[in-house]
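In: have a look; sequence and predicted model below, questions after that.
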Amino acid sequence: MALVERRNDRTDHLSIFDYITHCIYKSENDRLSLGVRCARWSPTEQVIVVGDYEECITIFSYLTYKKIQTPFEHPQELVSETDNTILKEEEYNSDN
């Protein structure tokens, strides 16, 4: 899969994903990384979240597939100010 995007500074970037080998090529910095680990739609199906092997997540819009949140690291558990668990990372078994 290839993703082509034009950024706000009017520069074009190309990313190539290979789901078999989980490799990614990013032309903006000419380096290889381990690539995409998982991709999931939000419960409302308005965003898609992509996780990579560098433990970062990126959020994309469902309308344009453009990034609405740049890659950022996240803890394994997010808790609100009232001590309610917002997100808890758990292992996902794709064999089921």
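Out: Ah, there it is.

In: dump the residue contacts of residue 43.
Out: Residue 43 makes no contacts at all, as judged by CB atoms under 8 Å, 6 or more residues apart in numbering. Where you see a C-beta, it was placed from the backbone N, CA and C, and this is true even at glycine.

In: neighbours of residue 67, how many?
Out: A count of nearby residues for residue 67, using other CB atoms under 10 Å, gives 15.

In: need phi/psi at it.
Out: Here is the backbone geometry of residue 67 (degrees, to the nearest 10): phi -70, psi 130.

In: contacting residues for it?
Out: Residue 67 sits next to 5, 58, 59, 60, 61 when contact means CB under 8 Å, 6+ apart.

In: most widely separated two among the residues you listed?
Out: Within those, 5 and 59 form the most distant pair, 14.1 Å apart (CB to CB).

In: may I see the buried residues of stretch 42-58?
Out: For stretch 42-58, burial by neighbour count (16 or more other CB atoms under 10 Å) applies to 47, 50, 51, 52, 57, 58.

In: out of the residues you listed, show me where the pLDDT dips lowest.
Out: Taking these together, the minimum pLDDT is found at residue 52 (77).

In: worst-scoring helix or strand of the protein, pLDDT-wise?
Out: Lowest on mean pLDDT, DSSP states H and E among the helices and strands of the chain sits strand 31-33, with a mean of 51.

In: residue 49 is in contact with residue 42, correct?
Out: Yes - under the criterion of CB atoms under 8 Å, residue 42 makes contact with residue 49 at 6.8 Å.

In: residue contacts, the nearest residue to residue 41 once chain neighbours are set aside?
Out: Counting by CB to CB, 6 or more residues apart in numbering, residue 48 is the residue found nearest to residue 41 once chain neighbours are left out, at 5.5 Å. Residue 48 makes contacts with 39, 40, 41, 42, 59, 60, 62, 65, as judged by CB under 8 Å, 6+ apart.
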